[in-house]
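okay, sequence plus prediction incoming.
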Amino acid sequence: MRDRLTSSRLVAVGVLSFVLLNYPLLSLVDHQRRVFGVPMLWAYLYLAWISMIILLVVIVRKVR
């Protein structure tokens, strides 16, 4: 039962990361604006990437 829940959460994170890092959402943040001196697209990519890593760490640590 617990393995199924963990597996479904990992799949959900995978789908979420696919959606966040795919073209339609990337085109929304592809502007010339800058956030703390970093182009908005790069800031979005790093923020989405680190968010996915944090979610994966939280899910895997709950299994232990």
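Right, received. Where do you want to start? Residues are numbered from 1 along each chain as shown.

and for residue 44, the neighbour number?
As a burial measure, residue 44 scores 19 neighbours (other CB atoms under 10 Å). For glycine as for every other residue, the C-beta is placed from the backbone atoms N, C-alpha and C.

which element is it on?
Per DSSP states H and E: residue 44 is located in helix 40-63.

and that helix, what does it pack onto?
If contacts are counted by 3 or more CB pairs under 8 Å, 6 or more residues apart in numbering; DSSP states H and E, helix 40-63 sits against helix 2-20, helix 23-28.

ranking the ones you listed by burial, who's on top?
Stretch with highest mean neighbour count among those: helix 2-20 (a mean of 12; mean count of other CB atoms under 10 Å).

if you compare the directions of that one and helix 40-63, what angle comes out?
180 degrees (axes from the mean of the first three to the mean of the last three CA atoms, to 10 degrees).

just checking, what packs against helix 2-20?
Short answer (3+ CB pairs under 8 Å, 6+ apart): helix 2-20 packs on helix 40-63.

buried sites along the helix it packs on?
41, 43, 44, 45, 48, 52, 55, 59 (16 or more other CB atoms under 10 Å).

only alpha carbons, please: show it as PDB.
Only the C-alpha atoms of helix 40-63 are listed here, as PDB (Å, rounded to 0.1, in the frame of the first residue of the first chain):
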ATOM      1  CA  MET A  40      13.500  35.500 -16.300                       C
ATOM      2  CA  LEU A  41      13.600  32.300 -18.300                       C
ATOM      3  CA  TRP A  42      16.800  31.100 -16.500                       C
ATOM      4  CA  ALA A  43      15.400  32.000 -13.100                       C
ATOM      5  CA  TYR A  44      12.200  30.100 -13.900                       C
ATOM      6  CA  LEU A  45      14.200  27.000 -15.100                       C
ATOM      7  CA  TYR A  46      16.400  26.900 -12.000                       C
ATOM      8  CA  LEU A  47      13.400  27.500  -9.700                       C
ATOM      9  CA  ALA A  48      11.400  24.700 -11.300                       C
ATOM     10  CA  TRP A  49      14.400  22.400 -11.300                       C
ATOM     11  CA  ILE A  50      15.200  22.900  -7.600                       C
ATOM     12  CA  SER A  51      11.500  22.600  -6.700                       C
ATOM     13  CA  MET A  52      11.400  19.200  -8.300                       C
ATOM     14  CA  ILE A  53      14.500  18.100  -6.500                       C
ATOM     15  CA  ILE A  54      13.100  19.200  -3.100                       C
ATOM     16  CA  LEU A  55       9.800  17.400  -3.800                       C
ATOM     17  CA  LEU A  56      11.700  14.200  -4.700                       C
ATOM     18  CA  VAL A  57      13.800  14.500  -1.500                       C
ATOM     19  CA  VAL A  58      10.600  15.000   0.600                       C
ATOM     20  CA  ILE A  59       8.900  12.000  -1.000                       C
ATOM     21  CA  VAL A  60      11.900   9.700  -0.700                       C
ATOM     22  CA  ARG A  61      12.600  10.600   2.900                       C
ATOM     23  CA  LYS A  62       9.000   9.800   3.900                       C
ATOM     24  CA  VAL A  63       9.600   6.200   2.700                       C
END
